[in-house]
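Engineer: How does the following fold in three dimensions:
(2 chains)
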Amino acid sequence: MAEVSLHKLNKKFDTTHVVKDVDLQIRDKEFMVFVGPSGCGKTTTLRMIAGLEAITTGEIRIDDRVVNEVPPMDRDIAMVFQNYALYPHMSVASNLAFGLKMRKFEKAEIEKRINNAASILGIESLLQRKPRQLSGGQRQRVALGRAIVRDPKVFLFDEPLSNLDAKLRVQMRVELKKLHERLAVTSVYVTHDQVEAMTLGDRVVVMKDGVVQQVGEPLELYNTPANRFVAGFIGSPAMNFADVTLVENGGKPVAEAPGLRIGVPGELATRARAKIGRKATLGIRPEDIHLATAADAPEYCFEAVVEVVEQLGSEILLDMRVGSAVMVASVEPTLRVRAHDKLKLALKPERLHLFDAESEASI
Amino acid sequence: MAVTALSAAESKRLSPRLRKLEDERWLAMALLAPTAILLGLFIAYPFFEGVLLSLSSTRVGEPGHFVGLKNFYKIWDDSIFRHTVWNTFYYTAVTTVFKLALGLWLAILLNRHFRGKAIIRAFILLPFIIPTVLSTFAWKWMFDPTFSVINWTLFQLGLITTRINWLGDPDLAMTSIIIINIWRGVPFFAITLLAGLQTISPELHEAAAIDGARPWQRFWHVTWPLLMPVTLVVVLFSVIQTFADFQLVYVMTGGGPANATHLFATYAYQLGIGTGLLSEGAAISLAMFPFLFIIVVVQLLYIRRVETR
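Structural biologist: Below is the predicted model of the structure:
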């Protein structure tokens, strides 16, 4: 049982303000992922929860206890570091035992917990080895094991998979997810990889420049991003953006740019009506663009010139020029397209996004 | 491509003798030769000569002849020599312990972040940079029986009523040179250990802090074991240098009062050069060798064990 709540959390290093007014409720047993580009303040926030970084202003509570002044060892947390931070002069077993020894656990209990963690992680055969005799993936498991044996209230992960190769990272991602389901411990996970964030998180916090941009379930971020930054950061390949002007045509709002003229549908139109005559950013995900057919309404169609064709096997990515904008479309792998082809494409109107050009907030 | 073309073109122009250098065996020999010649000339040859000298009855102005181990028997019966052996061990042991403790303490302080860190680090090195003879003269002045600034300070603070004869009393003289040796040696320990500390990832300390280790436990369980290889190398260097120390004692006390502060090197010098008994001086110098040899071998074995751990 552990909830973590951050209240008006701020961190300043000398003159740089790296975490700004972060408010967040992390629920019991929740897997919360912090994601954002490097320097966005996500790791600093995690380190403040761990107690490794002093809080400038604001408050952190674990359950109902304010932990601002509580040293790391008394917060009942365990942390997995980016570089594993295994004690190089100790065997795997000693690494796992260290935290328990420091807390004066009985020898039998320490052994029981080590064996339990080792069997969960499948590292029984490595217990007598030194960290340098382990591969990256094995070290990662030991680092996880060191957190598990402690049986803490909260797990903190600081980009734990970023040092693994791509294949292993996918594998460990799945294992982390299983592990969380099995242990059901409140977890805070920091990553710069939006795929990790989407696949692991019960909820995801997107941060930029020290400010929380949006908090929500992965699909919520994907479907209804709060602003242009979240829209561009979540999803791969990234959302296409085009600078447009909102104009009125026959009583309906239309997003217009050189070589592009897209009708604004449904509810979005109601909200866009207030912004007629203003500049905006149109957003559409590559997977929401397809070859136009007779069924597509002409107001959602546009012409594009293919510049590069990227064959991925399961799909084709088309890098295209649309008027003055550059866009990427993900199309069926069976499609025969070549560079310099001129295509007529359509977008799914219900998947269209508009962002205010100035505030970048979603319209 | 361009490089190979160039070197091929060049080698055509090279004389056959220079072309031999493209063979790595010849190149290795050519590169090693200067060092080998210098070491042979200034280390191996004098050492060899010293061994011959110690087995002879040579004095200043008297070529002498081979006498076997007679000189060694003689110095073994010499009470000053025995005292010198004790002095050298005492001097080395006490100074090394203090240098290590103070050096480590300084290194840990310097490893923290504070304003003016770079300048302080540079200043710390001063005792190490100043020529020993020069700094020892300054110390000699400070320990002078009449003009001692230390006496003056203690007197003004009301801690003493009479002068302390720092260099005139055998025990105090030893303590004095030990203090100076520590002062001179701490920077080397501090800077080297600092370099060692900087290789220890701060993440390990953070992990230990979260694991529940208090600062002292973090030092004992994380810092100290990881610093051990560096520490052993520093101690090894320091022991060798201190064991064979000469300048400091020579300038400060000349081995006195009443031969109370002689080390191997100063006693060998006094006997060999001072009184002209070259062969006995050589024997004393050589007597240092087996002790040092054992110390070095033991430490090197230990370092290897620690490093492969």
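Engineer: in the helix or strand hosting A:Ala197, what's buried?
Structural biologist: Using DSSP states H and E, A:Ala197 falls within helix A:194-200. Within helix A:194-200, the residues that count as buried by 16 or more other C-beta atoms under 10 Å in any protein chain shown are A:Gln194, A:Glu196, A:Ala197, A:Met198, A:Leu200. Using the backbone N, CA and C atoms, a C-beta is placed for each residue, glycine as well.
Engineer: Nearest to B:Met174, out of the residues you listed: which one, please.
Structural biologist: Nearest to B:Met174 among the buried residues of helix A:194-200, counting by C-beta to C-beta, is A:Glu196 at 65.9 Å.
Engineer: thinking that closest one is in contact with A:Val33, fair?
Structural biologist: Yes: at 7.2 Å, A:Glu196 and A:Val33 qualify as touching, with contact defined as C-beta atoms under 8 Å.
Engineer: still on that earlier bit, could you give the average pLDDT over the helix holding A:Ala197?
Structural biologist: Taken as a whole, helix A:194-200 carries a mean pLDDT of 91.
Engineer: Now do stretch B:111-123: distance to the chain's middle.
Structural biologist: Remark: stretch B:111-123 is offset 26 Å from the chain centroid, using C-alpha atoms, centre = their mean, to the nearest Å.
Engineer: Next, the distance between the ends of that stretch.
Structural biologist: Its first and final residues considered, stretch B:111-123 spans 15 Å by C-alpha to C-alpha, to the nearest Å.
Engineer: near chain A at all, it?
Structural biologist: No: counting by C-beta under 8 Å from any C-beta of the partner chain, chain A is not contacted by stretch B:111-123; separation bottoms out at 11.6 Å.
Engineer: what does the average pLDDT come to for that stretch?
Structural biologist: Mean pLDDT, stretch B:111-123: 85.
Engineer: and the helix or strand containing A:Ser5, what does it pack onto?
Structural biologist: For A:Ser5, the host element (DSSP H and E) is strand A:4-13. Judged by 3 or more C-beta pairs under 8 Å, 6 or more residues apart in numbering or on different chains; DSSP states H and E, the packing partners of strand A:4-13 are strand A:16-26, helix A:42-50, strand A:57-62.
Engineer: Let me know which of those is tucked in deepest.
Structural biologist: helix A:42-50 (a mean of 24; mean count of other C-beta atoms under 10 Å in any protein chain shown).
Engineer: neighbouring contacts of that one?
Structural biologist: With C-beta atoms under 8 Å, 6 or more residues apart in numbering or on different chains as the test, helix A:42-50 has contacts from A:4, A:6, A:9, A:11, A:18-19, A:22, A:34-36, A:53-55, A:60, A:72, A:75, A:77, A:79, A:154, A:156, A:158-159, A:188, A:190, A:192, A:205, A:207, B:206, B:210.
Engineer: Measure how it sits relative to strand A:4-13, angle-wise.
Structural biologist: Angle of helix A:42-50 versus strand A:4-13, following axes from the mean of the first three to the mean of the last three C-alpha atoms, to 10 degrees, is 120 degrees.
Engineer: about what we covered before: buried stuff in the strand holding A:Ser5?
Structural biologist: For strand A:4-13, the neighbour count (16+ other C-beta under 10 Å) marks A:Val4, A:Ser5, A:Leu6, A:Leu9, A:Asn10, A:Lys11 as buried.
Engineer: Present the residues you listed as a markdown table; the columns should include pLDDT.
Structural biologist: Formatted as a markdown table, the buried residues of strand A:4-13 follow (pLDDT from 0 to 100):
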| residue | pLDDT |
| --- | --- |
| A:Val4 | 92 |
| A:Ser5 | 91 |
| A:Leu6 | 91 |
| A:Leu9 | 90 |
| A:Asn10 | 90 |
| A:Lys11 | 91 |
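Engineer: now those as a markdown table including distance to A:Ala255?
Structural biologist: Putting these into a markdown table (distance: C-beta to C-beta, whole Å) gives the following:
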| residue | distance to A:Ala255 |
| --- | --- |
| A:Val4 | 42 |
| A:Ser5 | 40 |
| A:Leu6 | 38 |
| A:Leu9 | 38 |
| A:Asn10 | 38 |
| A:Lys11 | 39 |
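Engineer: Pick out whichever of the residues you listed sits closest to B:Lys99.
Structural biologist: B:Lys99 has its nearest neighbour among these in A:Lys11, at 40.9 Å by C-beta to C-beta.
Engineer: In contact with that closest one, which residues?
Structural biologist: Contacts of A:Lys11 (C-beta under 8 Å, 6+ apart): A:His17, A:Val18, A:Val19, A:Gly41, A:Thr44, A:Thr45, A:Met48, A:Glu53, A:Ile55, A:Thr56, A:Gly210.
Engineer: From chain B, how far out is the fourth one?
Structural biologist: Remark: distance between A:Gly41 and chain B (C-beta to the nearest C-beta, to the nearest Å) = 18 Å.
Engineer: Now name the helix or strand holding A:Ala242.
Structural biologist: Using DSSP H and E, A:Ala242 maps to strand A:240-249.
Engineer: Next secondary structure after that strand?
Structural biologist: Where DSSP H and E defines the elements, the next helix or strand beyond strand A:240-249 is strand A:252-257.
Engineer: Buried residues of that next one, list them for me.
Structural biologist: Applying 16+ other C-beta under 10 Å to strand A:252-257 flags A:Pro253, A:Val254, A:Ala255, A:Glu256, A:Ala257 as buried.
Engineer: just stretch B:147-160 next, same as before
Structural biologist: By neighbour count on 16+ other C-beta under 10 Å, the buried set for stretch B:147-160 is B:Ser148, B:Ile150, B:Asn151.
Engineer: First-to-last residue distance for that stretch?
Structural biologist: Chord length of stretch B:147-160, first to last residue, is 15 Å (C-alpha to C-alpha).
Engineer: List the contacts of it.
Structural biologist: So stretch B:147-160 is in contact with B:Trp141, B:Met142, B:Phe143, B:Thr161, B:Arg163, B:Ile164, B:Trp166, going by C-beta under 8 Å, 6+ apart.
Engineer: one more time with 10 Å
Structural biologist: B:139-145, B:161-167, B:176, B:179 (C-beta atoms under 10 Å, 6 or more residues apart in numbering or on different chains).
Engineer: who wins for most neighbours among these?
Structural biologist: Of all the contacts of stretch B:147-160, the highest neighbour tally under other C-beta atoms under 10 Å in any protein chain shown goes to B:Phe143, namely 25 neighbours.
Engineer: Setting aside sequence neighbours, what's the nearest residue to that residue?
Structural biologist: Once flanking residues are discounted, B:Phe143 sits nearest to B:Trp166: 4.0 Å by C-beta to C-beta, 6 or more residues apart in numbering or on different chains.
Engineer: Much appreciated, bye for now.
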